[in-house]
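**Q** coordinates for the following, if possible.
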Amino acid sequence: MALACEDLAPYGVVLIPPSAPEYPALLADIEQRLKTRPKGSPPLDNDELHLLAQPEIGRAAILLNRASVAIANIAYIWHFRGNEGRLYPARFAPGTSPSVLLPFDRDPRSAKFHDFWYVTLPGSKRLITADGFILGDNTDVRPPAADELWHGGFWSMSSGSRDERLQPLKLTLDGVFFVDGGFAGPNTLASWDQTVFAAEAHLACAALAREVRAKRRPASDFFAQVQTITGQAAKDPDPPPPFWGAEGLDREAIRKHELRELGWRVFSMRQNLDEQAVVDRVLAWSNAPVPRFHKL
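**A** Predicted coordinates for the structure are as follows:
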């Protein structure tokens, strides 16, 4: 059965299924570029290398960015059928880690590196696999500049997983964020809400730090106020809430979760840094270049 694709073509984000005549050439270009990456580019893990060595037709589609703005992240859903005939969705959302959309606590020394390798420039393409990988990079548009290469340190990587019993039927783009804050998509995975509420939570905490510093109040006042607005103290973070309630998407539950998640992060900093250093670090969030979030 041919893989079906639901993309966001009106916004310039197009999915090319394996049945399309241009798919083999696009796939070959992605594979070749990944195998000849310049020194200083992100490494590939073993699973990704295996996929490159033995790509499976029908278990992937290619995303093309035909918009005039780079893509910051995507949320998408794979739809599978099991051997028993039951349908299964696999949901992939970007989360709220530091990024070009949430530029809080990003190391300025690596900002340009991340902004080249972890966005999709206009004209670039990515292979989205049913195993949870997104492969490809912006070298199909231009080579990286010297300050877009890595010269030391580490970064985290995620990996996908495979269940051979599941046959992919359809790939749906649920949401696309562009680097200028523009968003398109049905948003059933609440990626818009998570991102916007996470940014608001960071800026609210930064405002508390600014007030404490301006009024020369003790750092303990800052932590007391953080606990008040987030409802979180120094304990493990709460699991994400169910996004969908009886009346649809529960945005208030998502907002509270993002506040509590950030409260936990602030109190975790307190365990490892001097209290004044934490206030300074949070205060710096006030100047983070947060894009203007807007729906397209």
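**Q** so where is the stretch 151-296 of the chain shaky, pLDDT-wise?
**A** Scanning the stretch 151-296 of the chain for pLDDT under 70 picks out 151-165, 233-248.
**Q** how about the helices of it, start to end?
**A** Using DSSP state H, counting those that start in this stretch, the helices found in the stretch 151-296 of the chain span residues 191-214, 219-230, 251-272, 275-283.
**Q** out of these, flag the one nearest residue 47.
**A** helix 191-214 (24.1 Å; CB to CB). Yep, even glycine has a C-beta here, placed from its N, CA and C like the rest.
**Q** which neighbouring elements make contact with that closest one?
**A** Packing contacts for helix 191-214, counted by 3 or more CB pairs under 8 Å, 6 or more residues apart in numbering; DSSP states H and E, involve strand 167-178, helix 219-230, helix 251-272, helix 275-283.
**Q** what are the buried residues along stretch 74-89?
**A** Under the neighbour-count criterion of 16 or more other CB atoms under 10 Å, stretch 74-89 has 74-81 buried.
**Q** should've said stretch 127-140
**A** When neighbours are counted by 16+ other CB under 10 Å, the buried residues of stretch 127-140 are found to be 127-131, 133-140.
**Q** in strands, which of the residues you listed fall?
**A** Using DSSP state E, the subset of the buried residues of stretch 127-140 located in strands is 127-129, 134-135.
**Q** for these, which one is nearest residue 222?
**A** Proximity of those to residue 222 (CB to CB) peaks at residue 134, which lies at 38.5 Å.
**Q** measure the closest one to residue 286 for me?
**A** 32 Å (CB to CB, to the nearest Å).
**Q** I'd like the helices of the stretch 151-296 of the chain laid out as JSON lines, including mean neighbour count and distance to residue 178.
**A** Listed next are these as JSON lines, based on neighbours: other CB atoms under 10 Å; distance: least, CB to CB, whole Å:
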{"stretch": "helix 191-214", "mean neighbour count": "20", "distance to residue 178": "12"}
{"stretch": "helix 219-230", "mean neighbour count": "17", "distance to residue 178": "29"}
{"stretch": "helix 251-272", "mean neighbour count": "18", "distance to residue 178": "21"}
{"stretch": "helix 275-283", "mean neighbour count": "18", "distance to residue 178": "27"}
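**Q** still on that earlier bit, and the buried residues of stretch 74-89, which is closest to residue 230?
**A** Nearest to residue 230 among the buried residues of stretch 74-89, counting by CB to CB, is residue 75 at 24.8 Å.
**Q** from the buried residues of stretch 127-140, which two are the most distant?
**A** Farthest apart among those by CB to CB are 130 and 139. That separation is 24.3 Å.
**Q** give me the spatial nearest neighbour of residue 275, chain neighbours excluded.
**A** Residue nearest to residue 275 in three dimensions, not counting chain neighbours: residue 219, with 3.8 Å by CB to CB, 6 or more residues apart in numbering.
**Q** from what I can see the one you found touches residue 281, true?
**A** No - between residue 219 and residue 281 there is no contact under CB atoms under 8 Å: 11.5 Å.
**Q** which residue is nearest the middle of the protein?
**A** Ranked by distance to the mean C-alpha position of the chain (CA atoms, centre = their mean), the top residue is residue 94 at 3.1 Å.
**Q** give the contact list for the nearest residue to residue 270 once chain neighbours are set aside.
**A** Excluding the flanking residues, the one nearest residue 270 by CB to CB, 6+ apart is residue 278, at 5.4 Å. If you count contacts by CB atoms under 8 Å, 6 or more residues apart in numbering, residue 278 has them with 219, 222, 266, 269-270.
**Q** one step back: and which of the ones in strands among the buried residues of stretch 127-140 is nearest residue 170?
**A** residue 128 (12.2 Å).
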